[in-house]
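> Build the 3D model from these lines:
(2 chains)
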Amino acid sequence: MATEVLMPALSPTMEEGTLAKWLVKEGDAVKSGQILAEIETDKATMEFEAVDEGIIGKLLIAEGTAGVKVNTPIAVLVEDGESVSDTPAPKVAEAVAPAAEAPASVPAKAADPAPAPAVVAKGWPHADLPEGPTKTMTVREALREAMAEEMRADPTVFLMGEEVGEYQGAYKISQGLLDEFGAKRVVDTPITEHGFAGIAVGASWGGLRPIVEFMTFNFAMQAIDHIINSAAKTLYMSGGQMGSPMVFRGPNGAAARVGAQHSQDYAAWYAAIPGLKVCMPYSAADAKGLLKSAIRDPNPVIFLENEILYGRSFEVPTDPDFTIPFGKASIMREGSDVTIVSFGIGVAHALAAAEELAKDGINAEVINLRTLRPIDYDTVLASVQKTNRCVTVEEGFPVGSIGDHLASTIMQRAFDYLDAPVITCTGKDVPMPYAANLEKFALITPAEIATAVKSVCYR
Amino acid sequence: MAAKKPAERPNASKEELLKYYREMLLIRRFEEKAGQLYGMGLIGGFCHLYIGQEAVVVGLEAAAKEGDKRVTSYRDHGHMLACGMDPKGVMAELTGRIGGYSKGKGGSMHMFSKEKHFYGGHGIVGAQVPLGAGLAFADKYQGNDNVTFTYFGDGAANQGQVYETYNMAQLWNLPVIFVIENNGYAMGTSVKRSTKSPSLWERGAAYGIKGEAVDGMDVLAVKAAGEKAVAACRAGEGPYILEMMTYRYRGHSMSDPAKYRTREEVEKMRSEKDAIEHVRDLLLQGGLATDDDLKAIDKEIKAQVNESAEFSKDSPEPPVEELWTDIYA
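Below you'll find the predicted structure:
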């Protein structure tokens, strides 16, 4: 009986990969555990092992093929004495990506009314970009380039965190930085967030500009005392004598199927703290422009990235002086009927919802806040004064959300302009479940946003 | 009264001894005055006095050079005076006035002086330990030979972040001196009731850090140990731990009735081990100073402390606009 060998998912967020190299050829006998191929994900090159014994009957995907979707058959394994022709041709369509296997944020079923695009980028409005040439790059590359440029410009900037150096970054953000800047400036730490966050704050008082990478912001919970009590409050407590010029960065929010302790959006928590600045980029341009501003900022900056966005591509200005100022939202899509305010990955959902709503004749304006402390209230209020309706979108928990804060601000400052109550779309009020179907329900979706928009439009 | 320790032949000059006497006395009189002002309602909140522990900071400051840094917990007044911060600015911070080091916005537990390389004044037990190692990290990165004195108590010595820091400080060979001020009590919990470790400095051995216990009531012993630690640190040998065996005469804070220890225990330490009396004896019995010489110093210190108290009362409260400044640089 022939067995299909499927393209494996080698990380929680992997959707496709490159079949870099076959290490076996047709007719080879393979044992369980033998390395069959090298597969490149967006993070690393991984060795792919055989599960079953058998003979390689056929290699279905040539080496060097990029963009091979997870679960695509890549080879056929036959038993001794059997030939490939004895078995029916693999039915590719059936094999590809059963819904339960796909990351929840990228619904695989065609029936889903508004899937978030797997690779966004081209085609989305870029009203937020300055005039001038751009190049296409992933969020991951943009973050790396921002750090490298700032490290070249300022010798006091250094990066520290778990696996940032020799491993080249748990999510490959810091890939290559150790080679360029050396171990003095790309510092691998033990797994000890509380301790190294405190050391970094002390180093910032001693004249350096640390960038602290948390493998995820979930782990920064171990370090939150230093982020808030030591970094955020010292300028005030010292009467202005000394502050903490530094960046705490890393992925935040849900990835895919990593469960409750690895899937939380901390935006509203950090945005509540005076003394901190808080960025949450959506696009690669946001990532680069905001991270450069964050590294140069004389205050402690929380920089909330998103693992699912790391691999997505966008246009980024090539101007080496390109930065994005804090407190300046970007209008991603102009519209007249309703204002959708979001940040981070929520912007992708909001844009997807806006495209669907346009088919129903609802013209939504989508605002990407980009920074949550400071918040660009003026852009939000001006938009609401134009559209008279507002829906906020975020992945975090509902109680004490950024949306709650915006809703109260809009109520206090633009009450007379509102034609409907503000609806806050958030993640559900539950710890993140592991089961694929439940995780999907827990996360905010474009469909929910569209429903909320129709509600405030009384449609 | 119990017999005093006989005066040994001091391994220090007259000038040095007079300097230590003066500095320790300043801390003691300052703290007594702070206690008074607290009683009068001029100082609010928490106020942790350093009385009894003076030899630790004075001895270690004698081993420091310009550029060295220091960071400590909330029991910080002594450290600030010992590193040369102005008593007026410290006292005015205690009273919450604009003339205070933090313009009245920090208070007793949160005070800083960039000029004197004093990096606080931290209210979270143990937090100053990685912060101090971070200051040392910056010095090493910049390639100078400064060291950072990172003070913490026997209570903080049980915090996990202390050991995270030990690990990294030794791994990265940081020029940091961990000074455990073991005054016997973490608030009301004696060392014996909080750990089975026979000593606190020896825990550094698990990370390969050298250290020793020191008579923290003897300023000369403190200075000698400090010099040894500083020399090792400056020579690039990495961190060093000094466990200062000391004692606080007052409660944990002004509101602590100190029922967890006997009056006799406190009296015994005061009469047999007092750091200031020790230096006084060395000066008098060694014929290095007369009673009148020391009385003159006492008078001078008293005047200086009174001046700081007056300043702290006369300095105005911070203007309301200060509420909104220094949040962002």
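> Okay, helices next: where are they in the stretch 201-329 of chain B?
All helices of the stretch 201-329 of chain B, identified by DSSP state H, counting those that start in this stretch, fall at B:219-234, B:263-273, B:275-285, B:291-314.
> which parts of the third one are buried?
Counting neighbours by 16 or more other Cβ atoms under 10 Å in any protein chain shown, one finds that the buried residues in helix B:275-285 are B:Ala275, B:Ile276, B:His278, B:Val279, B:Arg280, B:Asp281, B:Leu282, B:Leu283. C-beta: built from backbone N, CA, C; applies to glycine.
> Roughly how far does the closest residue in space to A:Lys21 that isn't next to it in sequence sit from A:Leu351?
Of all residues beyond its chain neighbours, the one nearest A:Lys21 is A:Glu38 (4.4 Å), with distances taken as Cβ to Cβ, 6 or more residues apart in numbering or on different chains. In this structure, A:Glu38 and A:Leu351 are 35 Å apart, going by Cβ to Cβ, to the nearest Å.
> quick one on the thing from earlier: pretty sure the residue nearest to A:Lys21 sits in a strand.
Yes - membership of A:Glu38 in a strand is supported by DSSP: H, G, I helix; E, B strand; the rest coil.
> what's the neighbour count on it?
Number of residues near A:Glu38 (other Cβ atoms under 10 Å in any protein chain shown) recorded here: 16.
> in the stretch 51-200 of chain B, which spans are strands?
B:69-72, B:118-121, B:148-153, B:176-182, B:185-186, B:189-190 (DSSP state E, counting those that start in this stretch).
> Check the stretch 351-459 of chain A too.
Remark: strands assigned in the stretch 351-459 of chain A by DSSP E, counting those that start in this stretch are A:364-368, A:371-373, A:390-393, A:423-425.
> quick one: strands adjacent to the first one?
It refers to strand A:364-368. strand A:330-333 (antiparallel), strand A:338-342 (parallel) (DSSP bridges).
> I'd like the distance from that strand to the chain centre, please.
Centre-to-centre, strand A:364-368 and its host chain are 19 Å apart (Cα atoms, centre = their mean, to the nearest Å).
> Quick test: name the residue nearest the centre of chain A.
Centroid-nearest residue in chain A: A:Asn306, 2.1 Å away (criterion: Cα atoms, centre = their mean).
> ok, it - contacts?
A:Val139, A:Pro251, A:Asn252, A:Gly253, A:Gly344, A:Ile345 (Cβ atoms under 8 Å, 6 or more residues apart in numbering or on different chains).
> Could you look up the SS state of A:Gly67?
strand.
> Chain neighbours aside, what residue packs nearest to it?
The shortest distance from A:Gly67 to any non-neighbouring residue, by Cβ to Cβ, 6+ apart, is to A:Glu16 (5.2 Å).
> Test my guess that that neighbour contacts A:Val68.
Yes - using Cβ atoms under 8 Å, A:Glu16 is in contact with A:Val68, at 5.9 Å.
> excluding its backbone neighbours, what's nearest the residue nearest to the centre of chain A?
Using Cβ to Cβ, 6+ apart and skipping residues adjacent in sequence, the residue nearest A:Asn306 is A:Ile345, 4.7 Å away.
> Next, count neighbours for the one you found.
By other Cβ under 10 Å, neighbour count at A:Ile345 equals 28.
> gap between it and chain B?
27 Å (Cβ to the nearest Cβ, to the nearest Å).
> Tell me who's in contact with the residue in chain B that chain A sits nearest to.
Closest residue of chain B to chain A, Cβ to the nearest Cβ: B:Gly134 (2.1 Å). If a contact means Cβ under 8 Å, 6+ apart, then B:Gly134 has A:Gly198, A:Ile199, A:Ala200, A:Val201, A:Gly202, A:Ala203, A:Ser204, A:Trp205, A:Gly206 as its contacts.
> what's the offset of the helix or strand harbouring the third one from the middle of its chain?
Counting by DSSP states H and E, the secondary-structure element that holds A:Ala200 is helix A:193-205. The chain centre lies 25 Å from the centre of helix A:193-205; the measure is Cα atoms, centre = their mean.
> what's the helix or strand just after that helix in contact with?
Heading C-terminal from helix A:193-205, the first helix or strand you meet, by DSSP H and E, is strand A:209-213. Defining contact as Cβ under 8 Å, 6+ apart, one finds that strand A:209-213 is touched by A:147, A:154, A:156-162, A:164, A:169, A:173-174, A:196-197, A:200-201, A:203-204, A:245-250, A:295.
> quick one on the thing from earlier: from chain B, how far off is the residue nearest to the centre of chain A?
Counting by Cβ to the nearest Cβ, the gap from A:Asn306 to chain B is 26 Å.
> swap in A:Ile340?
Applying Cβ to the nearest Cβ to A:Ile340 and chain B gives a distance of 29 Å.
> Any chance of the backbone angles for the closest residue to that residue other than its chain neighbours?
Leaving aside its sequence neighbours, A:Ile340 sits nearest to A:Ala350 (Cβ to Cβ, 6+ apart; 4.5 Å). The phi/psi pair for A:Ala350 (degrees, to the nearest 10) reads phi -60, psi -40.
> ok, how many other residues are close to A:Ala350?
For A:Ala350, using other Cβ under 10 Å, the count is 31.
> Repeat that for the one 4 residues further on.
Around A:Ala354 there are 25 other residues, counting by other Cβ under 10 Å.
> Which one of the residues in the stretch 151-300 of chain A is closest to chain B?
For the stretch 151-300 of chain A, Cβ to the nearest Cβ, closest residue to chain B: A:Gly202, 2.1 Å.
> Give me the secondary structure label for A:Lys328.
Assigned with three-state DSSP, A:Lys328 falls in the coil class.
> ok, now A:Thr136?
Secondary structure assignment for A:Thr136 (three-state DSSP): strand.
> quick one: pLDDT of it?
On pLDDT, A:Thr136 comes in at 96.
> same question, A:Pro103
So, for A:Pro103, pLDDT stands at 41.
> Excluding chain neighbours, what is closest to A:Ala450?
Of all residues not flanking A:Ala450 in the chain, A:Ala353 sits nearest, at 4.6 Å (Cβ to Cβ, 6+ apart).
> residue contacts, the one you found?
By Cβ under 8 Å, 6+ apart, the contact list for A:Ala353 reads A:Ala114, A:Ile340, A:Ala364, A:Pro446, A:Ala447, A:Ile449, A:Ala450, A:Val453.
> May I ask you to confirm that B:Ile301 is in contact with B:Glu23?
No - taking Cβ under 8 Å as the definition, B:Ile301 is not a contact partner of B:Glu23, at 9.5 Å.
> And those two? Which one has more around it.
Between B:Ile301 and B:Glu23, counted using other Cβ under 10 Å, the more crowded position is B:Glu23 (25 against 21).
> what's the helix or strand for that one?
Per DSSP H and E, B:Glu23 falls inside helix B:14-39.
> Narrow the contacts of A:Ala353 to those in helices?
A:Pro446, A:Ala447, A:Ile449, A:Ala450, A:Val453 (DSSP state H).
> Just name the closest of those to B:Thr325, please.
A:Ile449 (40.4 Å; Cβ to Cβ).
> how many neighbours does the closest one have?
29.
> before we move on, back to that, how about the strands of the stretch 351-459 of chain A in CSV, adding mean neighbour count?
Formatted as CSV, the strands of the stretch 351-459 of chain A follow (neighbours: other Cβ atoms under 10 Å in any protein chain shown):
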stretch, mean neighbour count
strand A:364-368, 27
strand A:371-373, 25
strand A:390-393, 30
strand A:423-425, 22
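> As a markdown table, these with mean pLDDT would be great.
Listed next are these as a markdown table, based on pLDDT from 0 to 100:
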| stretch | mean pLDDT |
| --- | --- |
| strand A:364-368 | 97 |
| strand A:371-373 | 98 |
| strand A:390-393 | 98 |
| strand A:423-425 | 98 |
